[in-house]
Structures are given as structure tokens and as C-alpha cells.
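Student: Here is my input; please provide its structure:
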Amino acid sequence: MSLKAIASELGLSVTTVSRALNGYEDVAEETRKRVEAEAQRRGYRPNSAARRLKTGRANAVGLVFPASTSPVSDCRFSEMLLTFDQRLAQLEIDLLLLVDKPQDGPRTLTRLLRSRVLDALIVTHTLPQDERLLSLQQKNFRFLALGRSDLPQPYAWLDVDNHHGSRLAVEACLQQGLTRIAWLGSDEATTFVRDRRQGFLDAMGAVAPVDMVAVPPSRRAGYQQSAAWLAQGKPLQAIIADSSALAEGAALAVQQANRLYGSEAVRLYAWEGLPREAIVEAPVVAIRQASDRETGEQLADMVVQMLNGAPLDQLQLLRQPWLDSAAR
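Tutor: Sure thing, here's the model as predicted:
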């Protein structure tokens, strides 16, 4: 199916049809709708190579995630990713998943940028001093960070107030008279891990934590550390975990110690609560943020705005967390 056939059917020039399908602003809205409706009826899809030559766009966005974690297998990340992909697909924008391999350094990204197969990058699991973002900024390549980094120049980002979320958990404990609190944190170097830990420390103030640890963000590590605290007779009243995997391990250890309920109960607070597929039932107060579907939709909207030339200072969104005591 060609542009010529659509043009003949509608009594328009091939040039007008092409410009209408490629989003040029000099085409009247009524004409654009007629062309799009006829193209959809005929099942026409523009040639991507030709479209790239005419518009200067590849109509493709890359999402970078680290090889050191397994975010794609995480159900929450997968739901966000699926929503993001669906929204982009509606606009005929392809999504490419790119594994960030530490041993490759910036070579993979550099090769992709030179190939011009992408219009923008989404970078996840940001670091406080993120060389990936700095390199993209220096190359003047469009990117949006899912998280934040300490960059010298403005950039587009979508994040949650991780510092405030941990403060909420500590303040809730202190209001209930729970002062013997332990921090069960991840050992990753990401910005959100740093900010969650700092929020905990700032909220504790003069109250000394029972303990603070940085362990791999896994159910096993959460279980082993919590079981060790309980076996050592630590005077625990509450555990605050910075990930749902750590929280599940902690919940299992507390359950086995028969301290989920009663006067000696250990209260559990966790970012995002327990995993959906958790093997243990336990009362956990979750530190919530926007749903995964909402995140995917917001991410897609911001990417489209970025591709359309929106100023970077208008593409910065900090969402506020809240406590959910009804979480499992």
C-alpha cells in the first residue's frame, strides 16, 4: 500500500499525505484526520527508513537497565515497562531494551548514539555521580532519568521523594513510642538507596538506631540479617527495609521467631511492602509511591514532551510517597 493510493483516494497530493502522516504542523487538522483514517483503513504503515530521512527521527526510544540487577523479571518493573511500551506503540514509537554492562563502559551507548537508531534514552537505577548521564549531557543527546543524579546542568527526570518516604516510616514509629528501630538497607550504589538511608538517619535525629546494615537486596539477605538480629537478642521494636525483597526475608525471620504479634511484636515497614508473590503473610506498613501503570503512563507522556522540544526544567517530576497500613 503506497502513499500514492491514499492520495488518489482523497484527492490530495502525495506530499500532503506524507506530511500529514509524519506530523508536520503545516497540514490542516481536518486533512490530517482524513489522511490518518484512510491510512488506518488500508492498513498502511510508513516505511521507517524513509520516515527517518524526512523527519530526522528514528521513532525509537531506548531504555537502559543494569546487568547487575534483574529488574525485568520483577513484576512491578515489568508492569511499568509494559504500560510504557503500550503507550509508545500507540504513537508508533518503538521501545528498545538495552543492558548496561559495567565491563563495557560507555562503549555500547556511544555506538548506539553514532548509529542514530534512537531518538532518546531512558536511564534507570541512577547513581549520585552517574557517568552515563554526564556523557549523554555532554553529547547533547536527549535522555530522561528514572531517578536523579548530581549533574551540574538541568536534565529531565522522574523520581519519588525517597528521603521523605523513609522519614514517614520513622516518624510513624516514634509517634507510637517505638524507638528501638533497625535499618535493613540495600548495598547498591544507586541514588534512591542513598536517599532512603539518609531520610532514615535525618528522621531518627538524636535517637540511636539499634543497627544499620547494607546487604544485597534479596529475600535471603533480608532473612539472614533479621534472623541474626533476633538471635543476638537485639531489643528490636521495628525494622524498616528499603526494598520489598529485604522486607519479605525480614518478615519470614520475624514470623519464625513468633514476633509478628503480641507485646514483643516487631513492626515491619518497607518500601512497596511485600512482593506480590511473597511466600509469607505478615502485617507490613508499606511506603508507597505511584502505581507501576501510572509510572509507565507518566514516563511515556514525558518522553513525548521531550521529543517535541519541551524545556528540560518542565520535565522534572518528584512524586510524594505515603504510608499504607493496609498492605500485606
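
Student: tell me the pLDDT at the nearest residue to residue 216 once chain neighbours are set aside?
Tutor: Distance criterion Cβ to Cβ, 6 or more residues apart in numbering; nearest residue to residue 216, sequence neighbours excluded, is residue 187 at 5.9 Å. For glycine as for every other residue, the C-beta is placed from the backbone atoms N, C-alpha and C. Confidence at residue 187, expressed as pLDDT, is 95.

Student: From the structure, what's the count of residues near residue 187?
Tutor: 11 (other Cβ atoms under 10 Å).

Student: Quick check: it vs residue 218, distance?
Tutor: 10 Å (Cβ to Cβ, to the nearest Å).

Student: Also residue 17?
Tutor: 55 Å.

Student: the more surrounded of the two?
Tutor: Higher neighbour count among residue 17 and residue 218: residue 17, with 27 against 15, using other Cβ under 10 Å.

Student: Give the residue spans of the stretch 201-328 of the chain that score low on pLDDT.
Tutor: By pLDDT under 70, the low-scoring segments of the stretch 201-328 of the chain are 326-328.

Student: where along it do the helices fall?
Tutor: 219-231, 244-256, 292-307 (DSSP state H, counting those that start in this stretch).

Student: tell me the most buried of those helices?
Tutor: Scoring these by mean neighbour count under mean count of other Cβ atoms under 10 Å gives helix 244-256 as the most buried, with a mean of 24.

Student: Could I get the CA-only coordinates of that one as PDB?
Tutor: C-alpha atoms of helix 244-256 as PDB (Å, rounded to 0.1, in the frame of the first residue of the first chain):
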ATOM      1  CA  SER A 244      10.300  -5.400  49.200                       C
ATOM      2  CA  ALA A 245      12.700  -8.400  48.800                       C
ATOM      3  CA  LEU A 246      14.500  -7.500  52.000                       C
ATOM      4  CA  ALA A 247      11.200  -7.000  53.700                       C
ATOM      5  CA  GLU A 248      10.000 -10.500  52.800                       C
ATOM      6  CA  GLY A 249      13.100 -12.000  54.300                       C
ATOM      7  CA  ALA A 250      12.700 -10.000  57.400                       C
ATOM      8  CA  ALA A 251       9.000 -11.000  57.700                       C
ATOM      9  CA  LEU A 252       9.900 -14.700  57.500                       C
ATOM     10  CA  ALA A 253      12.600 -14.300  60.200                       C
ATOM     11  CA  VAL A 254      10.200 -12.400  62.500                       C
ATOM     12  CA  GLN A 255       7.500 -15.000  61.800                       C
ATOM     13  CA  GLN A 256       9.800 -17.900  62.700                       C
END
